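Trainee: show me the folded form of this:
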Amino acid sequence: MKKRALILALAGIMAASLTGCGSLKDDAVVVKAGDEEITAGVANFYARYTQAQYETYFASYFGGDDMWTKNASDGKTYEESIKETLLDDLKNMALLEKHMKDYDVKLTKADKKAINDAAEEFDKANSQKKKDKVSGSEENVKRVMTLMVIEQKMRSAIVAEANVNVTDEEAVEAFEYLSRTEGIIPAIESAHAVAYAKKIVPQMRKDQIVVITISGRGDKDCAAIARYRGEDIHE
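Mentor: I've put the predicted structure just below:
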(Lines give C-alpha, C1' and ligand atoms only; values in the text may rest on other atoms or scores of the structure.)
Protein backbone atom coordinates (compact mmCIF):
# COMPACT_ATOMS: atom_id res chain seq x y z
CA MET A 1 0.00 0.00 0.00
CA LYS A 2 1.59 3.31 -1.04
CA LYS A 3 1.94 6.15 1.43
CA ARG A 4 -0.62 8.41 -0.27
CA ALA A 5 -3.23 5.66 -0.49
CA LEU A 6 -2.64 4.81 3.16
CA ILE A 7 -3.19 8.40 4.28
CA LEU A 8 -6.28 8.90 2.12
CA ALA A 9 -7.81 5.71 3.48
CA LEU A 10 -7.23 6.85 7.05
CA ALA A 11 -8.51 10.35 6.38
CA GLY A 12 -12.06 9.10 5.80
CA ILE A 13 -12.26 6.93 8.85
CA MET A 14 -14.04 9.43 11.10
CA ALA A 15 -17.32 8.82 9.28
CA ALA A 16 -17.42 5.40 10.92
CA SER A 17 -20.15 4.37 13.34
CA LEU A 18 -19.87 0.58 13.34
CA THR A 19 -20.27 -0.77 16.87
CA GLY A 20 -18.62 -3.80 18.47
CA CYS A 21 -15.19 -3.98 20.09
CA GLY A 22 -15.41 -0.29 20.98
CA SER A 23 -17.39 -1.25 24.09
CA LEU A 24 -14.31 -3.01 25.55
CA LYS A 25 -11.19 -1.49 27.05
CA ASP A 26 -8.49 -0.94 24.46
CA ASP A 27 -6.06 -3.37 26.07
CA ALA A 28 -8.58 -6.23 26.40
CA VAL A 29 -7.55 -9.27 24.33
CA VAL A 30 -10.20 -10.27 21.78
CA VAL A 31 -8.24 -12.58 19.45
CA LYS A 32 -5.33 -14.96 19.94
CA ALA A 33 -3.26 -16.47 17.16
CA GLY A 34 -0.71 -18.71 18.84
CA ASP A 35 1.19 -16.45 21.21
CA GLU A 36 0.08 -13.33 19.32
CA GLU A 37 -2.71 -11.28 20.93
CA ILE A 38 -5.01 -8.78 19.23
CA THR A 39 -6.45 -6.13 21.53
CA ALA A 40 -9.90 -4.59 21.44
CA GLY A 41 -8.33 -1.26 20.51
CA VAL A 42 -6.70 -2.75 17.41
CA ALA A 43 -9.91 -4.61 16.52
CA ASN A 44 -12.05 -1.50 16.97
CA PHE A 45 -9.76 0.66 14.83
CA TYR A 46 -9.67 -2.04 12.13
CA ALA A 47 -13.48 -2.20 12.23
CA ARG A 48 -13.70 1.56 11.76
CA TYR A 49 -11.14 1.45 8.97
CA THR A 50 -13.09 -1.31 7.23
CA GLN A 51 -16.33 0.59 7.56
CA ALA A 52 -14.77 3.73 6.11
CA GLN A 53 -13.52 1.72 3.13
CA TYR A 54 -16.95 0.17 2.53
CA GLU A 55 -18.74 3.50 2.81
CA THR A 56 -16.26 5.17 0.46
CA TYR A 57 -16.62 2.58 -2.29
CA PHE A 58 -19.99 0.87 -1.82
CA ALA A 59 -22.42 3.15 0.05
CA SER A 60 -23.88 4.62 -3.15
CA TYR A 61 -24.70 1.10 -4.35
CA PHE A 62 -26.13 -0.23 -1.09
CA GLY A 63 -28.42 2.42 0.27
CA GLY A 64 -26.24 5.38 1.18
CA ASP A 65 -25.76 6.28 4.84
CA ASP A 66 -28.07 3.51 6.07
CA MET A 67 -26.35 0.74 4.09
CA TRP A 68 -25.39 -1.07 7.31
CA THR A 69 -29.03 -1.76 8.20
CA LYS A 70 -29.78 -3.28 4.79
CA ASN A 71 -30.14 -7.03 4.40
CA ALA A 72 -26.97 -8.66 3.07
CA SER A 73 -27.67 -12.41 3.11
CA ASP A 74 -29.09 -15.16 5.31
CA GLY A 75 -31.24 -12.62 7.13
CA LYS A 76 -28.22 -10.63 8.33
CA THR A 77 -27.57 -6.94 7.84
CA TYR A 78 -24.38 -5.70 6.24
CA GLU A 79 -23.20 -4.61 9.69
CA GLU A 80 -23.75 -8.07 11.16
CA SER A 81 -22.16 -9.78 8.17
CA ILE A 82 -19.03 -7.60 8.18
CA LYS A 83 -18.58 -7.78 11.95
CA GLU A 84 -18.53 -11.58 11.78
CA THR A 85 -15.52 -11.52 9.49
CA LEU A 86 -13.44 -8.82 11.20
CA LEU A 87 -11.95 -10.91 14.01
CA ASP A 88 -11.21 -13.77 11.61
CA ASP A 89 -9.45 -11.27 9.34
CA LEU A 90 -7.29 -10.05 12.21
CA LYS A 91 -6.49 -13.57 13.33
CA ASN A 92 -5.42 -14.50 9.81
CA MET A 93 -3.26 -11.36 9.62
CA ALA A 94 -1.55 -12.29 12.88
CA LEU A 95 -0.89 -15.80 11.59
CA LEU A 96 0.58 -14.42 8.38
CA GLU A 97 2.84 -12.17 10.44
CA LYS A 98 4.00 -15.17 12.44
CA HIS A 99 5.09 -16.98 9.26
CA MET A 100 6.95 -14.10 7.59
CA LYS A 101 10.30 -15.88 7.94
CA ASP A 102 8.95 -18.93 6.10
CA TYR A 103 8.49 -16.76 3.00
CA ASP A 104 11.45 -14.43 3.58
CA VAL A 105 9.07 -11.47 3.92
CA LYS A 106 10.29 -8.35 5.71
CA LEU A 107 9.07 -4.83 6.27
CA THR A 108 11.38 -2.46 4.43
CA LYS A 109 12.40 0.99 5.62
CA ALA A 110 9.98 2.39 3.03
CA ASP A 111 7.14 0.26 4.44
CA LYS A 112 7.84 1.43 7.99
CA LYS A 113 8.10 5.06 6.91
CA ALA A 114 4.75 4.86 5.08
CA ILE A 115 3.12 3.38 8.17
CA ASN A 116 4.63 6.00 10.49
CA ASP A 117 3.75 8.85 8.14
CA ALA A 118 0.15 7.65 7.83
CA ALA A 119 -0.22 7.36 11.60
CA GLU A 120 1.23 10.84 12.06
CA GLU A 121 -1.08 12.30 9.42
CA PHE A 122 -4.09 10.66 11.06
CA ASP A 123 -3.04 12.00 14.46
CA LYS A 124 -2.75 15.56 13.16
CA ALA A 125 -6.03 15.44 11.22
CA ASN A 126 -8.28 14.38 14.12
CA SER A 127 -9.12 15.70 17.56
CA GLN A 128 -8.45 13.61 20.64
CA LYS A 129 -12.19 13.07 21.09
CA LYS A 130 -12.52 11.64 17.59
CA LYS A 131 -9.42 9.47 18.02
CA ASP A 132 -10.72 8.10 21.32
CA LYS A 133 -14.03 7.20 19.66
CA VAL A 134 -12.33 4.93 17.14
CA SER A 135 -9.44 3.69 19.33
CA GLY A 136 -7.19 5.74 17.09
CA SER A 137 -4.11 5.87 19.28
CA GLU A 138 -0.78 6.01 17.49
CA GLU A 139 -0.03 2.48 18.70
CA ASN A 140 -3.32 1.05 17.39
CA VAL A 141 -3.08 2.85 14.05
CA LYS A 142 0.47 1.62 13.47
CA ARG A 143 -0.45 -1.92 14.50
CA VAL A 144 -3.39 -2.12 12.09
CA MET A 145 -1.41 -0.61 9.23
CA THR A 146 1.50 -2.96 9.93
CA LEU A 147 -0.75 -6.03 9.86
CA MET A 148 -2.32 -4.88 6.60
CA VAL A 149 1.02 -4.27 4.89
CA ILE A 150 2.31 -7.65 6.08
CA GLU A 151 -0.86 -9.35 4.80
CA GLN A 152 -0.39 -7.78 1.37
CA LYS A 153 3.28 -8.79 1.17
CA MET A 154 2.64 -12.30 2.47
CA ARG A 155 -0.18 -12.96 0.03
CA SER A 156 2.05 -11.82 -2.84
CA ALA A 157 4.83 -14.12 -1.63
CA ILE A 158 2.46 -17.08 -1.23
CA VAL A 159 0.98 -16.60 -4.71
CA ALA A 160 4.46 -16.27 -6.23
CA GLU A 161 5.59 -19.49 -4.58
CA ALA A 162 2.41 -21.27 -5.67
CA ASN A 163 3.06 -20.40 -9.32
CA VAL A 164 4.88 -23.63 -10.12
CA ASN A 165 5.08 -26.08 -12.98
CA VAL A 166 3.95 -29.70 -12.78
CA THR A 167 4.37 -31.98 -15.78
CA ASP A 168 1.63 -34.24 -17.13
CA GLU A 169 3.61 -37.27 -15.99
CA GLU A 170 3.94 -35.91 -12.44
CA ALA A 171 0.21 -35.14 -12.30
CA VAL A 172 -0.71 -38.64 -13.50
CA GLU A 173 1.67 -40.23 -11.01
CA ALA A 174 0.08 -38.17 -8.23
CA PHE A 175 -3.40 -39.19 -9.44
CA GLU A 176 -2.39 -42.84 -9.21
CA TYR A 177 -0.54 -42.38 -5.90
CA LEU A 178 -3.49 -40.84 -4.05
CA SER A 179 -5.94 -43.33 -5.54
CA ARG A 180 -3.73 -46.25 -4.49
CA THR A 181 -2.68 -45.10 -1.02
CA GLU A 182 -5.80 -43.29 0.22
CA GLY A 183 -8.60 -44.64 -1.96
CA ILE A 184 -9.34 -41.05 -3.05
CA ILE A 185 -9.56 -40.48 -6.80
CA PRO A 186 -8.71 -36.79 -7.31
CA ALA A 187 -9.73 -34.70 -10.27
CA ILE A 188 -6.75 -34.27 -12.56
CA GLU A 189 -6.64 -30.56 -11.64
CA SER A 190 -6.22 -31.46 -7.97
CA ALA A 191 -3.67 -34.12 -8.89
CA HIS A 192 -1.37 -31.28 -9.95
CA ALA A 193 -1.51 -29.91 -6.38
CA VAL A 194 -0.78 -33.38 -4.98
CA ALA A 195 2.19 -33.67 -7.34
CA TYR A 196 3.64 -30.39 -6.13
CA ALA A 197 3.04 -31.35 -2.49
CA LYS A 198 5.07 -34.51 -3.07
CA LYS A 199 7.93 -32.28 -4.19
CA ILE A 200 7.92 -29.87 -1.26
CA VAL A 201 6.98 -32.12 1.67
CA PRO A 202 10.44 -33.76 1.88
CA GLN A 203 11.91 -30.26 2.30
CA MET A 204 9.55 -29.26 5.12
CA ARG A 205 10.22 -29.36 8.85
CA LYS A 206 8.42 -31.98 10.93
CA ASP A 207 6.38 -29.30 12.69
CA GLN A 208 5.05 -27.89 9.40
CA ILE A 209 1.74 -28.94 7.87
CA VAL A 210 0.62 -28.89 4.27
CA VAL A 211 -3.07 -28.69 3.34
CA ILE A 212 -4.29 -29.75 -0.10
CA THR A 213 -7.81 -29.01 -1.32
CA ILE A 214 -9.11 -31.90 -3.41
CA SER A 215 -11.85 -30.76 -5.76
CA GLY A 216 -14.00 -32.45 -8.36
CA ARG A 217 -14.52 -36.14 -9.15
CA GLY A 218 -11.55 -38.08 -10.38
CA ASP A 219 -13.58 -41.09 -11.47
CA LYS A 220 -14.54 -39.21 -14.65
CA ASP A 221 -10.85 -38.88 -15.47
CA CYS A 222 -9.98 -42.57 -15.11
CA ALA A 223 -10.47 -43.41 -18.76
CA ALA A 224 -8.34 -40.43 -19.83
CA ILE A 225 -5.58 -41.48 -17.43
CA ALA A 226 -5.76 -45.06 -18.77
CA ARG A 227 -5.42 -43.79 -22.33
CA TYR A 228 -2.42 -41.70 -21.24
CA ARG A 229 -0.91 -44.96 -19.96
CA GLY A 230 -1.53 -46.61 -23.33
CA GLU A 231 -4.75 -48.49 -22.58
CA ASP A 232 -7.51 -48.49 -25.23
CA ILE A 233 -10.32 -47.46 -22.89
CA HIS A 234 -13.11 -45.01 -23.66
CA GLU A 235 -16.03 -43.64 -21.69
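Trainee: for residue 205, the count of nearby residues, please.
Mentor: Neighbour count of residue 205, defined by other Cβ atoms under 10 Å: 7. For glycine as for every other residue, the C-beta is placed from the backbone atoms N, C-alpha and C.
Trainee: same thing with residue 213?
Mentor: Neighbours of residue 213 (other Cβ under 10 Å): 6.
Trainee: likewise residue 28?
Mentor: 13.
Trainee: would you agree it is in contact with residue 40?
Mentor: Yes: look at residue 28 against residue 40 with Cβ atoms under 8 Å: they come within range, at 4.4 Å.
Trainee: which ones are touching residue 97?
Mentor: Residue 97 makes contacts with 36, 147, 150, 154, as judged by Cβ atoms under 8 Å, 6 or more residues apart in numbering.
Trainee: helices or strands next to the helix ranked longest in the chain in the packing?
Mentor: Assignment by DSSP state H gives helix 138-162 as the longest helix of the chain. If you count contacts as 3 or more Cβ pairs under 8 Å, 6 or more residues apart in numbering; DSSP states H and E, helix 138-162 packs onto helix 40-58, helix 78-98, helix 109-125.
Trainee: just want the angle from that helix to helix 109-125.
Mentor: 150 degrees (axes from the mean of the first three to the mean of the last three Cα atoms, to 10 degrees).
Trainee: buried sites along helix 138-162?
Mentor: Residues 140-151, 153-154, 157 are the ones in helix 138-162 that count as buried (16 or more other Cβ atoms under 10 Å).
Trainee: any idea which of these is closest to residue 221?
Mentor: Closest approach between the buried residues of helix 138-162 and residue 221, by Cβ to Cβ: residue 157, at 32.0 Å.
Trainee: nearest spatial neighbour of that closest one, chain-adjacent residues omitted?
Mentor: Distances taken as Cβ to Cβ, 6 or more residues apart in numbering place residue 103 nearest to residue 157, at 4.1 Å, with adjacent residues excluded.
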